[in-house]
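> Can you look at this prediction? I've put the sequence above it.
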Amino acid sequence: MAEPTQQFTLNELCILADLPVRTLRYYVQNGLVDHPEGETRAARYGPRHLEQALLLKKWTAAGLSLERIRALLHGQEPAVPPQSRAAGSIEVCSHLAVTDGLEVVIAPGRAGMSPEQVREFVKGVMALYATVKAGTGADSAEGQPQP
């Protein structure tokens with residue numbers, strides 16, 4: 001015989017998740033927590049609702065926006081928004097001198113690049129420059145306008 005699943009009232013769920021009733025209602029209304037079974041005072045929440053509420057509490061405490069949380073809950077991996085640089089902030093950048101007059105500035109932290117990826121990028125840029133300089137690039141193909 002199947003064991004009945006545990007059910008909670010709204011107030012019980014709020015106590016277990018340590019969330020205000022108003023906050024939990026907002027989460028349900030906006031689709032961040034599933035709707036309960038039943039309506040009004042007969043509404044019942046289960047372990048799934050408790051897990052969702054606790055996950056929301058953890059993510060909001062970590063500083064995630066509700067939009068980001070919604071995207072994560074729906075399995076999306078939204079792009080990380082670029083962080084604006086605050087006045088007085090310090091950032092380490094690499095300057096790649098391709099040739100005299102041509103320099104590439106790489107901010108690996110903002111670009112989300114590992115040291116290995118930066119090395120591969122540098123190799124690729126240098127190889128592309130050598131190809132273009134030798135005149136075998138796409139711009140030198142027949143039919144292309146010359147500068």
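Received the coordinates, thanks.
> which other residues reach stretch 64-78?
30-32, 56, 59-60 (Cβ atoms under 8 Å, 6 or more residues apart in numbering). C-beta: built from backbone N, CA, C; applies to glycine.
> So which of the residues you listed is surrounded by the most neighbours?
Each of the contacts of stretch 64-78 was scored for neighbours by other Cβ atoms under 10 Å, and Leu56 scores highest at 21 neighbours.
> Let me know the closest of the contacts of stretch 64-78 to Glu91.
Trp59 (27.3 Å; Cβ to Cβ).
> Helix or strand: which one has that closest one?
Using DSSP states H and E, Trp59 sits in helix 47-61.
> State the mean pLDDT of whatever helix or strand comes next after that helix.
Per DSSP H and E, the first helix or strand lying C-terminal to helix 47-61 is helix 66-73. In this model, helix 66-73 has a mean pLDDT of 84.
> now helix 66-73 and helix 47-61, what's the angle there?
130 degrees (axes from the mean of the first three to the mean of the last three Cα atoms, to 10 degrees).
> From the contact counts, what lies against the helix or strand bottoming out on mean pLDDT in the chain?
One helix or strand of the chain scores below all others by mean pLDDT, DSSP states H and E: helix 108-111, with a mean of 78. Judged by 3 or more Cβ pairs under 8 Å, 6 or more residues apart in numbering; DSSP states H and E, the packing partners of helix 108-111 are helix 115-133.
> can I get the contacts of stretch 64-78 in a markdown table with distance to Leu96 and pLDDT?
Listed next are those as a markdown table, based on distance: Cβ to Cβ, whole Å; pLDDT from 0 to 100:
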| residue | distance to Leu96 | pLDDT |
| --- | --- | --- |
| Asn30 | 46 | 89 |
| Gly31 | 46 | 89 |
| Leu32 | 44 | 90 |
| Leu56 | 43 | 90 |
| Trp59 | 38 | 87 |
| Thr60 | 40 | 87 |
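> residues in contact with the helix holding Trp59?
Contacts for helix 47-61 (Cβ under 8 Å, 6+ apart): 5-6, 8, 13, 16-19, 24, 27, 32-34, 36, 66, 68-69, 72.
> Thank you kindly, that will do.
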